[in-house]
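Peer 1: Have a look at this prediction, sequence included:
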There are 2 protein chains.
Amino acid sequence: MYGKDDVRVEERERPAIVEPTDAILRVTASCICGSDLWPYRGLDATAQPTPMGHEYVGVVEEVGADVRSVKVGDFVVGSFFASDNTCEICASGYQTHCVQRQPGAASGGQSEYLRVPLADGTLVATPGMPDADLVPSLLAASDVLGTGWFAAVAAEAGPGKTVAVVGDGAVGLLGVLAAKQLGAERIIAMSRHADRQQLAREFGATDIVTERGDEGVTRIKELTGGLGAHSTIEAVGTQEAMMQAIRATRAGGHVGYVGVSHDVSLPGLELFFSGVHLHGGPAPVRRFLPELIELIWNRTIDPGKVFDLTLPLEEAAEGYRAMDSRRAIKVLLQP
Amino acid sequence: MYGKDDVRVEERERPAIVEPTDAILRVTASCICGSDLWPYRGLDATAQPTPMGHEYVGVVEEVGADVRSVKVGDFVVGSFFASDNTCEICASGYQTHCVQRQPGAASGGQSEYLRVPLADGTLVATPGMPDADLVPSLLAASDVLGTGWFAAVAAEAGPGKTVAVVGDGAVGLLGVLAAKQLGAERIIAMSRHADRQQLAREFGATDIVTERGDEGVTRIKELTGGLGAHSTIEAVGTQEAMMQAIRATRAGGHVGYVGVSHDVSLPGLELFFSGVHLHGGPAPVRRFLPELIELIWNRTIDPGKVFDLTLPLEEAAEGYRAMDSRRAIKVLLQP
């Protein structure tokens, strides 16, 4: 990432083991995240040039002397923050806040080779080499599925619950999938794009609301006896989306928010009188990886459907353009 | 309440049954709430003159035709919002957000007689006429104890947890008591007033932190291995107190906030990366009343200790002055 609208693919030095807890992966597949679009749009200041990519699957090429849980030749899924998975915060399920946390793809995941710090606490090996058609789903587990899943857990989606989902990007759509898996009775996806509505329905949405903002809130209330949803997933990160999520939720209900909040400011008095629970932040994907890998391996879920464009790594710039213009929901890059 | 610094006690018409679900109480004891000080200080615009008081215990004098669960002669404790206690929101434990909610002391609790709407869903009768020394504690259950209890529940105080309490008013102090009853291992009260520190220790505080703001946060982190508290109770309602509570809590921990948020605005990005759970609002005291009355009746807890000044109702203005100047923690008024 050289700056706004400027992504280049170039030869860089192959990463090497730095710490004895590192692993080097040969990347099988990587992708472009919604959050990668912030610097692409010039909205996040980043030191340039910056290696990009924090979602990845691959085969272990080399491990440091202290690595125990993954070995050379393993196919692994990683999470976007590296964690030791042993500290008190990790033990409580918040690996993204690990006392030793580091960017999980230290050298940038949109590449052929990748150095992953704290390999034991960050990577999870699959039961064997995956069939090719499982790779997109395993890649999704690395971030978007794990994030949508965390949002649904944070929103306490479950049996008997009505879940509203604000945001129809890959995370929101996989929030729908997660809510369905967690047993939600009714899932209301908020989307005004036909292709995304279709995918939301495939993932388990029972209702679609096309209105946004206060009109969207009014529709959710109409669909829930005037009370609002029990659980709302916020997967955008704007002021409008956060307020829409809070207002669409009944008192005592739960908002799970995973959109990275840019310029969001929550009015205290309104939040106070809303009576909702609020929980979110960077998803501790590592907590969910073993379970998600199993659901994918057993072909219970197919989150890889969110990838609607696959490009060779050399065409990464086109992938950014496609996601920026919303021509693609999610772009998979093949090294 | 005639306006800023202007409280008067005057003869008003005795309240009568308006709705068949009303009850009329002869008030045994009432008190002044921290929230009553906002209009007293001119910080809340109120139509004047306004009958004041929403914390009350008393004896049922008269009931409407539809009242079933309390009868004439019962000693009752009420909550500050009236609720039907039958709607879906009440059933989920959020009676302060009841679809029929109304001010629980419709005619002002700082008085001799009081009309309480939705009596069946709002009032709870004690097992008999209480001994005089139990009356302050039962009165406390009506708001400050119920609110501190809700804060501790919202903060998920419990066995093995370290609980920090921001605010040393009556609600914060009773948050300490609640955390202790809920089994918290360690309770850190934040207070710089010797008398309140003493009461906090009587209620179960194991540590006292006198620093405030970022220095207070640093102290809490020092006391918790650098991680922050598992659970933090916010019982003030200012920007500083809310940020102090959020920053004092570890990732994955819980903030229970019950201070009525005035001019509070929560920065989205900081909240996102804090990883805390946030829950609070007007406490659904009615949810906890049966349990709290039992704990008081059995003399397991003595929340009435927060009343350090008792005045006849005629001297209400002096009570407001004493609380405003922090000469008194909490003032009990006897009609």
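Peer 2: Received it, and whenever you're ready, just let me know what you need.
Peer 1: mind checking how far stretch A:9-18 is from the chain centre?
Peer 2: 25 Å (C-alpha atoms, centre = their mean, to the nearest Å).
Peer 1: That stretch: end-to-end distance?
Peer 2: Length of stretch A:9-18, first residue to last, C-alpha to C-alpha, to the nearest Å: 24 Å.
Peer 1: same deal with stretch A:221-235?
Peer 2: End to end - C-alpha to C-alpha - stretch A:221-235 spans 20 Å.
Peer 1: Is that stretch in proximity to chain B?
Peer 2: Yes - Stretch A:221-235 is in contact with chain B by C-beta under 8 Å from any C-beta of the partner chain, via A:225-227. Just so you know, the C-beta spots here come from the backbone N, C-alpha and C atoms, and that holds for glycine as well.
Peer 1: Buried ones from these, can you make that a ChimeraX selection?
Peer 2: Listed next is the ChimeraX selection for buried residues among the residues of stretch A:221-235 next to chain B, using 16 or more other C-beta atoms under 10 Å in any protein chain shown:
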select /A:227
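Peer 1: which one of the residues of stretch A:221-235 next to chain B is nearest chain B?
Peer 2: A:Leu227 (6.3 Å; C-beta to the nearest C-beta).
Peer 1: Apart from its neighbours in sequence, what residue is nearest the closest one?
Peer 2: A:Arg250 (4.4 Å; C-beta to C-beta, 6 or more residues apart in numbering or on different chains).
Peer 1: Run through the residues that contact that neighbour.
Peer 2: A:224, A:227-230, A:276, B:89, B:97 (C-beta atoms under 8 Å, 6 or more residues apart in numbering or on different chains).
Peer 1: what does A:Phe81 give?
Peer 2: A:95-96, A:98, A:101-104, A:122, A:282, A:285-286.
Peer 1: go with 7 Å
Peer 2: By C-beta atoms under 7 Å, 6 or more residues apart in numbering or on different chains, the residues touching A:Phe81 are A:95-96, A:101, A:103-104, A:282.
Peer 1: next one: A:Gly53
Peer 2: With C-beta under 7 Å, 6+ apart, A:Gly53 has these contacts: A:30, A:105, A:108-111.
Peer 1: Just send the contacts of A:Arg250 back as CSV, with pLDDT, distance to A:Asp84 and secondary structure too.
Peer 2: Formatted as CSV, the contacts of A:Arg250 follow (pLDDT from 0 to 100; distance: C-beta to C-beta, whole Å; DSSP: H, G, I helix; E, B strand; the rest coil):
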residue, pLDDT, distance to A:Asp84, secondary structure
A:Thr224, 98, 42, coil
A:Leu227, 98, 43, coil
A:Gly228, 98, 40, coil
A:Ala229, 98, 36, strand
A:His230, 98, 35, strand
A:Val276, 98, 33, coil
B:Ile89, 98, 43, helix
B:His97, 97, 42, helix
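Peer 1: Buried members of those into PyMOL, please.
Peer 2: Per 16+ other C-beta under 10 Å, the buried members of those correspond to this PyMOL selection:
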select buried, (chain A and resi 224+227+228+229+230+276) or (chain B and resi 89+97)
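Peer 1: As CSV, the contacts of A:Arg250 with distance to B:Thr206 would be great.
Peer 2: What follows is the contacts of A:Arg250, written out as CSV (distance: C-beta to C-beta, whole Å):
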residue, distance to B:Thr206
A:Thr224, 44
A:Leu227, 41
A:Gly228, 40
A:Ala229, 40
A:His230, 37
A:Val276, 31
B:Ile89, 36
B:His97, 34
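Peer 1: Which parts of chain A are helices?
Peer 2: All helices of chain A, identified by DSSP state H, fall at A:37-40, A:88-91, A:119-122, A:135-141, A:144-154, A:170-181, A:194-203, A:213-223, A:239-247, A:268-274, A:285-297, A:316-324.
Peer 1: Pick out the shakiest of these, pLDDT-wise.
Peer 2: Among the helices of chain A, helix A:37-40 carries the lowest mean pLDDT, at a mean of 89.
Peer 1: That helix and chain B, are they touching?
Peer 2: No - using C-beta under 7 Å from any C-beta of the partner chain, helix A:37-40 stays clear of chain B, with a minimum separation of 11.8 Å.
Peer 1: Count the residues that sit near the closest residue to A:His230 other than its chain neighbours.
Peer 2: Distance criterion C-beta to C-beta, 6+ apart; nearest residue to A:His230, sequence neighbours excluded, is A:Lys161 at 4.2 Å. With neighbours defined by other C-beta atoms under 10 Å in any protein chain shown, the count for A:Lys161 comes to 21.
Peer 1: can you check A:Ala125 too?
Peer 2: Around A:Ala125 there are 16 other residues, counting by other C-beta under 10 Å.
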